[in-house]
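Engineer: What shape does this take:
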Amino acid sequence: MADIKFFNESDGQEFSMAQHPKAARVLDDIKVWAESNKFEHVTFWRDPQDEHKFWVQLGDDRLNYWIHDSTFTEGKHETVEMQMDYARGAQRRSAAGFAKFDK
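Structural biologist: Here you go, the predicted structure:
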């Protein structure tokens with residue numbers, strides 16, 4: 001089963017998104033997506049300069065791609081699969097050496 005975690009970039013402290021009542025469906029959809037795409041770990045890092053940005057990490061790869069916190073707090077489960085697919089695309093671009101063009 002995929003492990004989904006959230007951390008503050010500023011201090012490295014883990015926090016829970018499960019406290020938001022609408023986040024459960026989104027988190028379940030991310031777990032399904034991660035398992036079907038063979039990711040054991042998906043980590044979201046809260047940006048220290050904009051608390052509404054969660055930078056995505058797939059496995060060991062921290063990406064130049066973020067998801068807005070409203071995806072979780074407002075339960076936007078219908079868009080999360082597409083957003084995770086974009087994150088996977090960012091990972092592939094990075095692995096191919098094209099990450100420098102994404103900044």
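
Engineer: Report pLDDT for L27.
Structural biologist: On the pLDDT scale, L27 is placed at 96.

Engineer: what does the one 3 residues further on give?
Structural biologist: Model confidence at I30, expressed as pLDDT, equals 97.

Engineer: Skipping adjacent residues, who's closest to it in space?
Structural biologist: Of all residues not flanking I30 in the chain, I4 sits nearest, at 5.6 Å (C-beta to C-beta, 6 or more residues apart in numbering). The way it works is simple: take the backbone N, C-alpha and C, and place the C-beta from them, glycine included.

Engineer: right, and the one you found touches V32 too?
Structural biologist: No - I4 lies out of contact with V32 (C-beta atoms under 8 Å); the separation is 10.9 Å.

Engineer: Between these two, which is the more surrounded one?
Structural biologist: I4 (18 against 14; other C-beta atoms under 10 Å).

Engineer: Please give the element, helix or strand, for the more buried one.
Structural biologist: Element membership of I4 [criterion: DSSP states H and E] is strand 3-8.
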